[in-house]
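# turn this into a model:
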Amino acid sequence: MKLVLLFGPQAVGKMTVGQELAKITELKLFHNHMTIDLVSNFFDYSTKRGQGLVNSFRQQIFEEVAKSDLEGLIFTFVWRFDKDIDWNYVENVVGIFEAEGADVYHVELEADLEERLARNVTPNRLEHKPFKRNLEWSRNDVITTAENYRLNSHPGELQVQNYLHVDTMNVDAQQAALQIKTHFNL
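Next up, the predicted model:
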C-alpha cells in the first residue's frame, strides 16, 4: 500500500498532476474537492457542519483504502503550514496508512500566485471542481488564502523520509507525474 500526499496552494496543479500520476501508476486519485463538492450540495464548506462531514467522509475513505488490497491512493490537499490543525490532520492521515504498513510519500507542489490565478480558470479545473465555477469568488479565495496563510513549507521544514518538491512553473502535469513516479519508483 502506498499513500502519495500531494499538497500545495490552490490551483498549483495538484489534481491535474494527480490525474496524470494515476494514469501511469496503479494508484487511485482522491482529490480534495471530491468530498468538498459533495458536501457543498447540502452545507457550505466554511461551516462547522460542512467541514465535519468532509472530514468524516475522508476519514472513512482513508481507513477503508488503507485496509484494502488497492495499490494505493493519491490524496490532494492544501496544507496551511502556519496552522497546527493542518499539521495534526496530516499526522492523522499518515498514521492511518502507516498503521496498515503503507509507504507514505510527501509531494509538495509550488508555483507563483500569478501562475496559479491563470490556472484557476482552466477547463479541467472547472470541470472537476464545480465549487470553483463562481470565478469571482474563486479568484478572491486564491488571493485571500495566499495572503492569510503560508501554503508552502520552508526548506528543510518537513522532516519525512520520502519527500519531493516540484516547482510546477516549468513542468507540465505529465512531466511532474513522471518525476514523482521515477523519484519514488512507484
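# thought S138 was touching L117?
No. Using Cβ atoms under 8 Å, S138 is not in contact with L117, being 9.6 Å away. The C-beta positions use only the backbone N, C-alpha and C, and glycine is treated the same way.
# just want to know which of these two has more residues nearby.
Each of S138 and L117 has its neighbours counted (other Cβ atoms under 10 Å); S138 has more, 20 against 16.
# the helix or strand harbouring that one: how far from the chain's middle?
Assigned by DSSP states H and E, S138 belongs to helix 135-148. Relative to its chain's centre, helix 135-148 lies at 17 Å (Cα atoms, centre = their mean, to the nearest Å).
# that helix: which residues count as buried?
By 16 or more other Cβ atoms under 10 Å, the buried positions in helix 135-148 come out as S138, D141, V142, A146.
# show me what the residue nearest to L158 when sequence neighbours are not counted is bridged to.
Leaving aside its sequence neighbours, L158 sits nearest to H106 (Cβ to Cβ, 6 or more residues apart in numbering; 6.1 Å). Beta-bridge partners recorded for H106 (DSSP bridges): L5, Y163.
# just use 732 as the starting number from now, easier for me
All set: I'll call the first residue 732, so the last point we hit is now H837.
# now do F774 against N823, distance only.
22 Å (Cβ to Cβ, to the nearest Å).
# now the residue nearest the centre of the chain: closest residue in space, sequence neighbours ignored.
The chain has T807 as the residue nearest its centroid, 1.6 Å off, counting by Cα atoms, centre = their mean. Among residues not flanking T807 along the chain, K745 sits closest, at 3.9 Å (Cβ to Cβ, 6+ apart).
# thanks again, I'm all set now.
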